[in-house]
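Visitor: The following block contains a protein sequence and its predicted model.
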Amino acid sequence: MQPIDADSWSSLKVLAIAQMEQEPILSGHLYDLVLRHRGYPEALAYLVAATLSNRVFSLAAMVDLIGETIERNPEIATATLADLRAIVTRDPAAGSPLNCLRSAEPACPGPKCRKPGRSGPEPTRLQAEG
């Protein structure tokens, strides 16, 4: 990871710890999203895998596949980090970069979400709300 990426990753970890102290109920979520990972590429692989995994493609298999893809193509992580910076810089409603990462995750189950027993990928937050 380049030094600028290491600085960004350190900043994300500091933000996650501060948010855990302010909102303890999010501690497990923030641990899974940020703190348990060695770096941004690993966290990105987890985030994408958590979004795409389903009954056919397990989370572990998706993390491995996406992690290998990001490892072979590090420009993916670099580009997404640049996107994250751009969103936070240009959109005052974004607030913290953690808000952007949390918004990228699949929505919680609700009345419009996938019903038990139905196959296919989990809907995204926009699909669930739309």
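Guide: Nice, I can see it.
Visitor: Pick out the residue nearest the middle of this structure.
Guide: A centroid search over the chain (Cα atoms, centre = their mean) returns residue 47, at 3.3 Å, as the residue closest to the centre.
Visitor: quick one: that one and residue 40, what's the gap?
Guide: When distance is defined by Cβ to Cβ, to the nearest Å, residue 47 is 10 Å away from residue 40. To be clear about C-beta, it is placed using only N, CA and C from the backbone, and glycine gets the same treatment.
Visitor: re earlier: pretty sure the residue nearest to the centre of the chain is touching residue 102, no?
Guide: No: because the distance of 9.4 Å does not satisfy Cβ atoms under 8 Å, residue 47 is recorded as not touching residue 102.
Visitor: Now do the shared contacts for the two.
Guide: Listed contacts common to residue 47 and residue 102 are residue 33; contacts here mean Cβ atoms under 8 Å, 6 or more residues apart in numbering.
Visitor: what's the top helix by length along the chain packed up against?
Guide: Among the elements of the chain assigned as helix by DSSP state H, the one spanning the most residues is helix 3-22. Counting by 3 or more Cβ pairs under 8 Å, 6 or more residues apart in numbering; DSSP states H and E, the packing neighbours recorded for helix 3-22 are helix 27-30, helix 40-52, helix 75-90, helix 97-103.
Visitor: so which strand or helix has residue 66?
Guide: helix 59-72 (DSSP states H and E).
Visitor: same for that helix, what does it pack against?
Guide: The elements that helix 59-72 packs onto, with contact taken as 3+ Cβ pairs under 8 Å, 6+ apart, are helix 40-52, helix 75-90.
Visitor: by contact count, what packs against the first one?
Guide: The one in question is helix 40-52. Packing partners of helix 40-52 (3+ Cβ pairs under 8 Å, 6+ apart): helix 3-22, helix 59-72, helix 75-90.
Visitor: got a markdown table for those, with distance to residue 32 too?
Guide: Putting the helices and strands packed on helix 40-52 into a markdown table (distance: least, Cβ to Cβ, whole Å) gives the following:
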| stretch | distance to residue 32 |
| --- | --- |
| helix 3-22 | 10 |
| helix 59-72 | 10 |
| helix 75-90 | 18 |
